[in-house]
Every structure is written in structure tokens, then in C-alpha cells.
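Trainee: Dropping the sequence and predicted coords here.
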Amino acid sequence: MNDLPVDLLHWLLALSPIVVLLVLLTVANWKAPQAGPVGMFLGAILAVTFFQTPLETLAAALGAGVWDAIFVLLVVWPALLLYRTTDAAGGFVSLREGIRRFSKNQLFLVLAFGWVFASFLQGIAGFGVPVAVVAPLLLAIGVKPVMAVVIALIGHAWANMFGTLAVGWLATLQVVDLEDPTLTAVQTALMLWVPNLAAGFTIAWLFGRWSAVGHSVPLVLIISLIHGGGQLALAFVSPILSTFIPAAIALVALYPLSRWKRYGERAEQIEERPAMADRSDQDDDEPEPVMSFGWSLLPYGVLTVTSIVVLAIPPITQAAEALEIGFPIGGTTTGYGVENEAEDPYSPMTLLTHPVVFLALATAVTWAVYRAKGFYAAWQEKAGPQRVWATTAGNAIPASVAIVSFLVLAAILDFSGQVDVLALGISAVAPAAVYAFAANFIGVLGAFMTSSNTSSNVLFSQLQQTVAGEEGLSESAIIAAQSTGGAIGNAIAPANVVLGTTTAGIVGKEGEVLKRTLPWTAAVAVLVGALTVVMA
Amino acid sequence: MNTMVLQGAALVLMLLALPLASFGTTSGATWANVAAIGVLTVGGLIPPVLRYLGDDEDEEPDADERDETTPEEEDA
């Protein structure tokens, strides 16, 4: 036990770095690489001055935060390189032209990429890959850059908990001893259906307001039944596969749905399309594609196949997991008795199962094949010189600074006990029903700070379980709410937002993205909170 | 020195904090812990300082001026 001061002053102080970060990003319109370090410094100053954090503990937090950030940076850099490698051969022009032949219905395509494909990628790869990969794909079909990032963030969020072959669920089982794991998995799956359904209809609304929502109803209901219903059914037997299998089925279901005239032809009744850029002028100037539609899909095919082979075939996964890398971090404590055990290595990375391998392989194969086919030379002749490395570094460096500062802030708040004060403060004042309602907001907070459903659950599951017991609430429902909050919080997690703005080429517009994903996250959290009150 | 080089330097300094903190916290070497905090502080200060030096051009060299609207414009 520790002696943390759980009072209003310390609660507000612990909250202030997060509030300052949000205000700088959304109100003052600071760029993420500039706002992130300010939040980080504030967190560090408060840790030392108000939370009795010694220098050694602060250093340990910095080291842990930087290491956590490297997990994300290893997605950002290769994802950007894959995007640039494809773009330099005119791959996105070919992709767009090919997709237009596949279906003329823009709403269908936006939902197909921004929701169904993003969920599929989260089901298998995770770690921000859906946002980094899907945002440029949405750009290619004519979505505005900010909206492309917003749609990818909202579309993949629900799949975070049981995605990446349920890494979040497995981590939760490690940190809490659940009375009834199956009931918890089922209740989590039920709650995750809310953000799934909300994502489908919200993306339709963003695309073309209420007329688009009306047009999307059968599509959204069918896909959500596959996603949400499939996950719920599989939660009884195999939570590990409960996102991957439904997400893969939904991807396959897109083909028959595209043959339905309703989603194969233009939706003329949707007149207002605020998410779409007017590309009519661009089309006249744009060079003709130099490759077929099939070749433009090569990077995504390689990415998907390698992910499935490495992560879904147990003997290969076990062999790949044998290689672990990491740095040791010493054990530390604070003046209030917040202890962090020594770890050697701290949070080790199984490099061969990390998406960096799949993205790097996809990039290498794409580059080799496109070069052998002469696509780079042909596109350069039509569109001029293409600078792959310079543009990749130009986007990735500021994004990386932002991501490191966000995750160092999260580690400082954790190591200094500020996270505990935030959560304990809520549990100290909230009656049972209010706590049940607020439980998923704690999950959102954890995901916002760490950009990870898994980390959110590792941070807060024990606390949630303890409070559920003290308040006489259902343990399963409260852990399910924590997990669902952890999933939807990914739509506002700054590191995820930066992933998207980087690959969409709009670094610095993180505030504009957050202004759209924050209300969605808040609204969904309220719905999940109401559901938790009923279930707890 | 241009913005990109300075931001690159900021990133390198911030990443350097990891091996220093790892060594410092496991060996008890206070100088390494101080150095970890120092390099992260210097690295973290660069981007906000750049904002106030007016050296704040767009980071992405080839970012198109794509068609964008603010939420207010959209609502209108």
C-alpha cells in the first residue's frame, strides 16, 4: 500500500498535464510535437514538487516512456515508408482508378476502407497499423486528409480490445484474477458492440450527414452484425480469435454487398458530402496510372498475408516470439511509497511478431516488384521526380518527437502515482451507480495517456476490480467497461492521432482531428456507461 | 540550421535518454540518471522553442495544400 494524497488538490494537479495537452492541441492549435513536450515537462515538474518523486524514479519513468514510444515509432517509420514507396510508383492513383470500377458508391468505399478494412487490420496487426495504413487509402479515394484520419481512428477503435489476437485481453488476465473470465469476455464483447455500431453510423454521417446514414442502414447493420455479433458469439469459446475471425468475414462480405445495386452504383440522393474533397480539377491534371489495380494492391496483400502467417499459425508465432529485446529498468519508489518493480528487460519486445516486420517486408517486396516491373521509371516520367526517403523523414521526425513526449508523460504519471490519484479520486467520491457509469471513462483515460488498450487495462484493471468489490458491483461488468473504455479511448489517443496525421501528410492538424473524435468518444462512453449501470 | 535538422536532433536526444536511464537506474549511477533527464529536457525543449523563434514552417516537405475545411466551415 502507498500513502498517496487522494484529495481534490492533488487530483486536479494530476489531471492538469492531460488538460494542458488537450487545450494546447484543440484550443490553441499547437502542433503535437510542440504541445507534447509541454505536457511532459508539466507532468515531470508536478511529479517532483507535489508527488515526492525522486530523481531516480523520474529517470526510470523517462526510460520506460521512451521504450514504450519505440513500439509505436516502429510502426510510424515503416508505415510511412510503405506509403511513400507505393506512392512513388503511382500506386495510389492506380488504386483509386481500380476502386472506382469496383464500386461507384463513395459511401460504400469509405465504410469499406475506414471501418471494415481498418477493423480487419486491427484484428490481426494492431499497434496503430490500421490508422497508419488506412488514412492514406482513404485519401486515395478522395476523402479529405483530416476526415481520413478521423474515420480511421473511429473505425478501428472497437477492435482494440480483442484485436491483435486479443493481446489486451491476455494482458488483463495476467494482471487480475477474474472470478468468471468467460462472463467478463462476453460482457466486454457486448459493450464493444456499441462503439462498433456507432462507428459505422458515425462514418456514414461524417460522409454525407443524415441522407448518408439512411442510405447506409442495411450495410452498417449487416457489417455490425458480423463484427459485433460474431465477436459476442466467439467470446464464449475463443476470445483470442473473437475480433480477427468476424473482421475477416466482414471483409469477405464486402464483395457480395458491392454487387448489390444499392452499393455498387452512385448514391445520387446524397448531395452533401463534407468528408470528400472536390477532385474534379485534380483529375484533369493527374497522369494516367502506370500499373493495374491488382498491382496497386500488392503492399496490402503482402502485409495481410505475412501478418496472418506469423500471428495466426501457432508454431510460427511461438518461434517468432522466442526473440525478445529490451532494456532493463531499475526498481524505484516515491516519497509516498509508490513502488515500481525492477524489470530486466522492461516490457520486452518480441521483434519478429511486431508489425515493423510485416510493414518492412511489405515495403521491400513492393519496392522490388515495382522496380522490376518498371513502375517507378514510368511514373517518374509522367509525374516528375519522387523523393521517398526525404519525405518519409520529413513527416516521421516531428511525429516521433510528439509520440516520445506523449508516452514519457504517460510513464511519469504512472511511476509518480499521479495515475493512481486520478483513479482513486473518482472511486473515493462516486457512489456505486456513478462509479459503474464512470468505469469506462477511466479506461478511456488510460488509453488516452498510453495510446494502448492493453496498457490502459494493465494500469487500471486491478483498481477497477478492487473498487467493484468494495462497492458491491459486478466485477465482470466493471472490467468489461474498463476494457471498452480502453478501446474507444484509442480514437483520441494523441500518439494514434499523430500516426494518422503523419501518414496523411497533415502533421500539425492534430487539434482538428481531436475536435471531431473527442465528441464521438464522449458520446460512446456515455452510452457504454449507461449499459454498465444496467449490467453492474 | 533548419527546422528539420533541429527536430531530428531533438528526437536523437530524447531517444538517448533510454540507455542512460537504463544504466543509471540499474547501476545506481546518479550521473547517468541526471544525464538522462538532461538530454530529454534539452531534446524536449527544442520543438516548443522553435515555435517561438518563428522557425515553424510545415514539417512535411511535400505536403500538398489539400482541400480542407474547419468544422465551423463545414457546419456552415
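Mentor: That came through fine.
Trainee: quick one: the strands in the chain?
Mentor: The chain I'm using is chain A. A:324-325, A:349-350 (DSSP state E).
Trainee: Deepest-packed of the ones you listed, please.
Mentor: strand A:349-350 (a mean of 16; mean count of other CB atoms under 10 Å in any protein chain shown). Every residue, glycine included, has its C-beta placed from N, CA and C.
Trainee: Which strands or helices does that strand pack on?
Mentor: With contacts taken as 3 or more CB pairs under 8 Å, 6 or more residues apart in numbering or on different chains; DSSP states H and E, strand A:349-350 sits against strand A:324-325.
Trainee: quick one: average confidence on the strand it packs on?
Mentor: Per-residue pLDDT over strand A:324-325 has a mean of 90.
Trainee: returning to that earlier point: relative to A:V6, which of the strands of chain A is closest?
Mentor: In terms of CB to CB, the element of those nearest to A:V6 is strand A:349-350, at 34.2 Å.
Trainee: what does the closest one contact?
Mentor: The contact list for strand A:349-350 (CB atoms under 8 Å, 6 or more residues apart in numbering or on different chains) reads A:I70, A:F71, A:A320, A:E321, A:L323, A:E324, A:I325, A:G326.
Trainee: Which of those are buried, as a PyMOL select command?
Mentor: Buried members of those, identified by 16 or more other CB atoms under 10 Å in any protein chain shown, are gathered into one PyMOL selection as follows:
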select buried, chain A and resi 70+71+320+326
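Trainee: So which of the contacts of strand A:349-350 is the closest to chain B?
Mentor: Of all the contacts of strand A:349-350, A:I70 has the smallest distance to chain B: 7.6 Å, by CB to the nearest CB.
Trainee: where are the low-confidence patches of chain B?
Mentor: B:1, B:55-76 (pLDDT under 70).
Trainee: hey, where'd the helices end up in it?
Mentor: Along chain B, the stretches classed as helices by DSSP state H are B:3-27, B:30-52, B:71-75.
Trainee: which of the contacts of strand A:349-350 come close to chain B?
Mentor: A:I70 (CB under 8 Å from any CB of the partner chain).
Trainee: now the contacts of strand A:349-350 in a markdown table, with distance to A:L351?
Mentor: Compiled in a markdown table, the contacts of strand A:349-350 are given as follows (distance: CB to CB, whole Å):
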| residue | distance to A:L351 |
| --- | --- |
| A:I70 | 11 |
| A:F71 | 10 |
| A:A320 | 9 |
| A:E321 | 10 |
| A:L323 | 6 |
| A:E324 | 8 |
| A:I325 | 6 |
| A:G326 | 10 |
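Trainee: possible to save the strands of chain A as TSV with distance to A:Y263?
Mentor: Shown next, in TSV, are the strands of chain A (distance: least, CB to CB, whole Å):
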stretch	distance to A:Y263
strand A:324-325	45
strand A:349-350	40
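Trainee: Export the helices of chain B to CSV and append columns for mean neighbour count and distance to A:T392.
Mentor: Formatted as CSV, these follow (neighbours: other CB atoms under 10 Å in any protein chain shown; distance: least, CB to CB, whole Å):
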stretch, mean neighbour count, distance to A:T392
helix B:3-27, 21, 12
helix B:30-52, 19, 19
helix B:71-75, 11, 30
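Trainee: For burial, what's the neighbour tally of A:Q269?
Mentor: 10 (other CB atoms under 10 Å in any protein chain shown).
Trainee: Minimum distance to chain B, which residue of the stretch 201-350 of chain A gives it?
Mentor: Taking CB to the nearest CB, the stretch 201-350 of chain A has A:G330 as its residue nearest chain B, at 3.2 Å.
Trainee: With the stretch 51-200 of chain A instead?
Mentor: Counting by CB to the nearest CB, the stretch 51-200 of chain A gets nearest to chain B through A:G63 (2.9 Å).
Trainee: which residues touch that residue?
Mentor: Shown here is A:G63, whose contacts under the criterion CB under 8 Å, 6+ apart are A:F327, A:I329, A:Y346, B:A17, B:L18, B:L20, B:A21, B:S22, B:T25, B:A36.
Trainee: Flag every buried residue along stretch A:300-308.
Mentor: Here stretch A:300-308 shows A:Y300, A:V302, A:L303, A:T304, A:T306, A:S307, A:I308 as buried, counting by 16+ other CB under 10 Å.
Trainee: Okay, now the unreliable bits of the stretch 201-350 of chain A?
Mentor: Short version for the stretch 201-350 of chain A, where the test is pLDDT under 70: A:278-285.
Trainee: Please, where are all the helices along it?
Mentor: With DSSP state H, counting those that start in this stretch as the criterion, the stretch 201-350 of chain A has helices at A:230-237, A:244-259, A:261-264, A:280-285, A:293-296, A:298-312, A:314-320.
Trainee: A:A438 is nearest to which of those?
Mentor: Across those, A:A438 has its closest neighbour in helix A:230-237 (24.0 Å, CB to CB).
Trainee: So what touches the closest one?
Mentor: A:162, A:182, A:185-186, A:188-190, A:192-193, A:196, A:241-243, A:245-246, A:249-250.
Trainee: swap in stretch A:455-470?
Mentor: Counting by CB under 8 Å, 6+ apart, residues outside stretch A:455-470 touching it are A:68, A:168, A:171-172, A:175-176, A:178, A:410, A:414, A:419-420, A:423-424, A:427, A:435, A:439, A:442-443, A:445-447, A:449-450, A:473-475, A:477-479, A:481-483, A:485-486, A:489, A:536.
Trainee: Helices - which of these land there?
Mentor: A:68, A:168, A:171-172, A:175, A:410, A:414, A:419-420, A:423-424, A:427, A:435, A:439, A:442-443, A:445-447, A:449-450, A:475, A:477-479, A:481-483, A:485-486.
Trainee: PyMOL command to pick out the buried ones of these?
Mentor: Here is the PyMOL command that picks out the buried ones among the ones in helices among the contacts of stretch A:455-470, judged by 16+ other CB under 10 Å:
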select buried, chain A and resi 68+168+171+172+410+414+419+420+423+424+427+435+439+442+443+445+446+447+449+450+475+477+478+479+481+482+483+485+486
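Trainee: need the contact list for the nearest residue to B:F23 once chain neighbours are set aside.
Mentor: Excluding the flanking residues, the one nearest B:F23 by CB to CB, 6 or more residues apart in numbering or on different chains is B:A32, at 4.7 Å. The contact partners of B:A32, taken as CB under 8 Å, 6+ apart, are A:A59, B:L20, B:A21, B:F23, B:G24.
Trainee: Now distance to A:L518 too, for those residues, in JSON lines please.
Mentor: Below are the contacts of B:A32 laid out as JSON lines (distance: CB to CB, whole Å):
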{"residue": "A:A59", "distance to A:L518": "33"}
{"residue": "B:L20", "distance to A:L518": "36"}
{"residue": "B:A21", "distance to A:L518": "33"}
{"residue": "B:F23", "distance to A:L518": "40"}
{"residue": "B:G24", "distance to A:L518": "38"}
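Trainee: from those, which is closest to A:V357?
Mentor: Looking across these and measuring by CB to CB, the closest to A:V357 is B:A21, at 26.6 Å.
Trainee: My guess is the closest one contacts B:A36. True?
Mentor: Yes: in this structure, B:A21 is within contact of B:A36 by CB atoms under 8 Å, at 3.9 Å.
Trainee: which neighbours do the two share?
Mentor: Between them, B:A21 and B:A36 share the contacting residues A:A59, A:L62, A:G63, judged by CB under 8 Å, 6+ apart.
Trainee: any idea how far A:A433 lies from A:L473?
Mentor: As judged by CB to CB, to the nearest Å, A:A433 and A:L473 stand 9 Å apart.
Trainee: With neighbour numbers in mind, choose between the two.
Mentor: Counted by other CB under 10 Å, A:A433 and A:L473 do not tie: A:L473 has more neighbours, with 22 against 13.
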